[in-house]
Structures are given as structure tokens and as C-alpha cells.
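S.K.: below: sequence and its predicted model.
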Amino acid sequence: MAEAAPTSDPIAPVEQDDTKQAESVEKKNARSPSDFLRNVLGRPVRVKLNSGVEYRGILACLDGFMNIAMEQTEEYNVDGQLRAKYGDCFIRGNNVLFISAQSNRR
């Protein structure tokens, strides 16, 4: 029996090359959470807790457990109303739902 020659599909190599190029571009543009946190240190952030309460202020520091220290902090209730203002604020990491960069201080 003669072996059948593999059929060559001229489109397949091009698609593979395009996929590799797209993956390469994505990796260059990808930012890890650690990169994001390094970039927002000393800048205004929003921190939302699992309870729905939100804190807005300057991110002073955080650790590997996501424990957060903030300055010039404002606390907002679940309805979005300002509840209190603090000079410094410490938030335990297991309560944090997310941290978001704030475009401008309100």
C-alpha cells in the first residue's frame, strides 16, 4: 500500500502564524495584578468590600494578604452615600472584593 501524501492547506500555516503573533502581542500588553497594584500605589483608588461598602482614598500600602492601608479615606454605604471621612484607614484583606483605580478624586 502506498501512503497518501499529506494534503497541504495553504491557509493553515498563515492562521497559525497569525495566532502566534496575536498571542505575542497580548502577552506584551498584558498586565498582571501585581503590576496594577504597583502602579496605583500613592494614587486614588476605590476599594469595594464583600458587604458592598466602598472606600475611596489614596492607596498607601498593601501586603500579600491584600491588607490595605489608605489615606484621606471616605467611606460610602451600599447606596453610594458618604458615610464618614477618615485620615487613615486599614482594611483587612479577606473583606476586599476589588480594588479599582480612580480616575479623579471626588
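M.R.: Looks like it came in fine. Numbers count the residues shown, from 1 in each chain.
S.K.: lowest-confidence helix or strand of this protein?
M.R.: One helix or strand of the chain scores below all others by mean pLDDT, DSSP states H and E: helix 11-29, with a mean of 54.
S.K.: residues in contact with residue 87?
M.R.: Taking C-beta atoms under 8 Å, 6 or more residues apart in numbering, we find residue 87 in contact with 71, 72, 73. Quick note: C-beta positions are derived from backbone N, CA and C, even for glycine.
S.K.: one more pass at 10 Å, please.
M.R.: Shown in contact with residue 87 (C-beta atoms under 10 Å, 6 or more residues apart in numbering): 57, 70, 71, 72, 73.
S.K.: same question for residue 33.
M.R.: Contacts of residue 33 (C-beta under 10 Å, 6+ apart): 66, 99.
S.K.: those strands in the chain, which residues are they?
M.R.: 44-49, 54-62, 68-76, 82-91, 96-101 (DSSP state E).
S.K.: which one among the contacts of residue 87 gets closest to residue 101?
M.R.: The closest of the contacts of residue 87 to residue 101 turns out to be residue 57 (C-beta to C-beta; 12.5 Å).
S.K.: re earlier: spatially, which two of the contacts of residue 87 are the most separated?
M.R.: 70 and 72 (7.6 Å).
S.K.: pLDDT at residue 35, what is it?
M.R.: Residue 35 carries a pLDDT value of 88.
S.K.: state the distance from it to residue 48.
M.R.: With the distance defined as C-beta to C-beta, to the nearest Å, residue 35 ends up 20 Å from residue 48.
S.K.: ok, residue 63 next?
M.R.: 19 Å.
S.K.: using CSV, write out every CA atom in stretch 95-106.
M.R.: Written as CSV, here are the backbone C-alpha positions of stretch 95-106 (Å, rounded to 0.1, in the frame of the first residue of the first chain):
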residue,chain,number,x,y,z
ASN,A,95,-13.0,41.6,53.2
VAL,A,96,-11.9,43.1,49.8
LEU,A,97,-14.0,42.3,46.8
PHE,A,98,-11.9,44.5,44.4
ILE,A,99,-9.6,47.5,44.1
SER,A,100,-10.1,49.9,41.2
ALA,A,101,-8.1,52.9,40.1
GLN,A,102,-10.0,56.1,40.4
SER,A,103,-9.6,58.5,37.5
ASN,A,104,-10.1,61.6,39.7
ARG,A,105,-10.8,62.4,43.3
ARG,A,106,-14.4,63.3,44.0
